[in-house]
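Peer 1: Next input, structure requested:
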Amino acid sequence: MLLRKCGEAGRPCPTNCGIEFYAFFLVQSRKERKSVEALDVFEEMVQEGHLPDEILYSTVIKMMGDLGRLDNILELYERMKLQGLTLTKHTYTYLVHFFTNIGKFQVAVAFFSEMQSLGFPADEVIYGTIISIYGKLGMLADAEEAFKEMDEAKLLVSDRLFVLMARVRMQAGQFDLALELFDEMQSRGFEMTKHAWIVMLQCCLRQQQLSHAESVLDSMLDRGFADAVAFTWMFNLYKKMQMVQAGNALILKLENSSVLPDEELYNAILSHLCYAGLLQQADFYFSLMQMKGFSTDKAVKTMLMRAYGKVGRVADAASVYQSFKQVDPLATSIMFTIHHEFGNQEAAMGLFRCLLECDVKLSDKIISKYTSRGARDMVESLCSQMLTQGILPSEETLISVVNAFNSTEQCERALKLIKEGHSAGLQFSTKIYNAMINTCNKCGQESEAEMLLQTMEKLVSDEVACDVSK
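Peer 2: Here you go, the predicted structure:
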């Protein structure tokens, strides 16, 4: 069988294929990226009674890695152990990196531990990989131990390793210890790189050490290390702390720097400007975003709509609303409010109908908001819209609406809503009927109250009969 395969590959076919030939063939096949064909030959070799050695196993394991066959790698590893063989140091290193790259961190740690138990010395690269894994797994003590081992082995040969350990400490919430590493790093003659400054800035931001963070950003600007990400982080901190003036100063700092905003930074700037009410600047940055083809976040768009609405720029708010590719309930509710407040009731009711189709709960909240404001005409229109479409407001909302119509004339309007609900085939709860009956009695509508009481009693008796039949 092997002779045929060798011939097909255009290779010389020795009369007796010994393990040396197999080893040569497999190594060459991996170099030529013919791992699938080589694996068939490996299985044939085993079937013919040839036992692979450590080097051959290592070659085939790497082939399995090339093909992404995880289960086969572990199977071969178990075969080796049964033969009493041990992986080479290079293969252990390969497997640690391989399983790290595909997110199998526990497996990578297991191979690293076994590598250490066998006395294979790890280099700075694999130590860096394993420290990174410990950080992702939340194993700070193990990361600290590995970092100590590196120091003792004199492997702390670059700033990258200090920055890596600082990041692990930061992820574990040990911010002060993370910052201490930068002092130690510089004491050993390593310069602060851009990556080091970034991690230092992150530590300050997570602790909300405002003055320290601002100092770090200034240092990054002086050295040409500041970028759009760093500015975005600062804007987000100022927003969280509601520091409008600091955000304004940061915009000036950005405009005087050579940093080019990316999409995320533009959104952060727009968010700040809308919150600060600086619409002229918001218009400028919004136009820049559109010119550069950047997308505006939904949250920023809704902030922009609200800002336009506050100053009566209804057309601009509508333009932003129309830029949504799909119906957004929150944006729709904001646009509804803007149209209503500026007198375009037809447009407002059209948006409310749209909102009923996508978010009934938000529609319900709008009714509650206008009920609390005493806007009875609007409440009546909104409730009528819901009820005629066969949609029942929440019990709490409808009770508050009924209670709001507390005069003789208004009582008629509440009764009209109940009748519209009946016409649409809706059933009201006894609590809603009780609220309506109380309102009728207060307004001198005893006959209507009596009719509602009869309707409610019939509803209750029907429910009881239904329960009994079950």
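
Peer 1: To what extent is Lys31 buried, counted in neighbours?
Peer 2: 8 (other C-beta atoms under 10 Å). The C-beta positions use only the backbone N, C-alpha and C, and glycine is treated the same way.

Peer 1: And the closest residue to Asp123 other than its chain neighbours, how close does it get to Tyr127?
Peer 2: Closest residue to Asp123 apart from its sequence neighbours, by C-beta to C-beta, 6 or more residues apart in numbering: Leu155 at 6.9 Å. Leu155 sits at a distance of 6 Å from Tyr127 (criterion: C-beta to C-beta, to the nearest Å).

Peer 1: again with Leu426
Peer 2: 69 Å.

Peer 1: again with Val36
Peer 2: Taken as C-beta to C-beta, the span from Val36 to Tyr127 is 34 Å.

Peer 1: Over to Arg188?
Peer 2: 17 Å.

Peer 1: Between those two, which has more neighbouring residues?
Peer 2: Tyr127 (20 against 10).

Peer 1: What segments of the stretch 351-470 of the chain are strands?
Peer 2: Read by DSSP state E, counting those that start in this stretch, the stretch 351-470 of the chain holds no strands at all.

Peer 1: hey, where'd the helices end up in it?
Peer 2: With DSSP state H, counting those that start in this stretch as the criterion, the stretch 351-470 of the chain has helices at 360-372, 376-388, 395-404, 408-423, 430-442, 446-469.

Peer 1: which stretches of the stretch 351-470 of the chain have low pLDDT?
Peer 2: Confidence mapping of the stretch 351-470 of the chain against pLDDT under 70 gives the ranges 407-409, 459-470.

Peer 1: er, the chain actually
Peer 2: Ranges of the chain meeting pLDDT under 70: 1-23, 30, 32-35, 38, 407-409, 459-470.

Peer 1: Do a quick rundown of the strands in it.
Peer 2: Along the chain, no segments are classed as strands by DSSP state E.

Peer 1: ok, now which ones touch the closest residue in space to Cys354 that isn't next to it in sequence?
Peer 2: Distances taken as C-beta to C-beta, 6+ apart place Thr332 nearest to Cys354, at 5.8 Å, with adjacent residues excluded. Listed by C-beta atoms under 8 Å, 6 or more residues apart in numbering, the contact set of Thr332 reads 321, 351, 354-355, 358-359.

Peer 1: how close does Thr332 sit to Glu412?
Peer 2: Distance, Thr332 to Glu412, using C-beta to C-beta: 31 Å.

Peer 1: what's the answer for Gly119, then?
Peer 2: Per C-beta to C-beta, Gly119 is found 93 Å from Glu412.

Peer 1: Which of those two has more residues huddled nearby?
Peer 2: Set Gly119 next to Glu412 and count neighbours by other C-beta under 10 Å: Glu412 wins out with 14 against 7.

Peer 1: mind listing what the more buried one touches?
Peer 2: Applying C-beta under 8 Å, 6+ apart, no residues qualify as near Glu412.

Peer 1: which residues of the stretch 201-350 of the chain fall in helices?
Peer 2: Using DSSP H, counting those that start in this stretch, helices in the stretch 201-350 of the chain cover 210-223, 228-240, 244-255, 263-276, 279-292, 298-310, 314-322, 329-341, 345-358.

Peer 1: So which bits of stretch 302-317 are buried?
Peer 2: Judged by neighbour count using 16 or more other C-beta atoms under 10 Å, the buried positions of stretch 302-317 are 302-309, 313-314, 316-317.

Peer 1: scratch that, stretch 254-267
Peer 2: Within stretch 254-267, the residues scored as buried using 16+ other C-beta under 10 Å are 254, 259, 261-267.

Peer 1: so can I have JSON lines of these showing distance to Met200?
Peer 2: Output for the buried residues of stretch 254-267, formatted as JSON lines (distance: C-beta to C-beta, whole Å):
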{"residue": "Leu254", "distance to Met200": "20"}
{"residue": "Val259", "distance to Met200": "18"}
{"residue": "Pro261", "distance to Met200": "22"}
{"residue": "Asp262", "distance to Met200": "21"}
{"residue": "Glu263", "distance to Met200": "25"}
{"residue": "Glu264", "distance to Met200": "21"}
{"residue": "Leu265", "distance to Met200": "20"}
{"residue": "Tyr266", "distance to Met200": "25"}
{"residue": "Asn267", "distance to Met200": "25"}
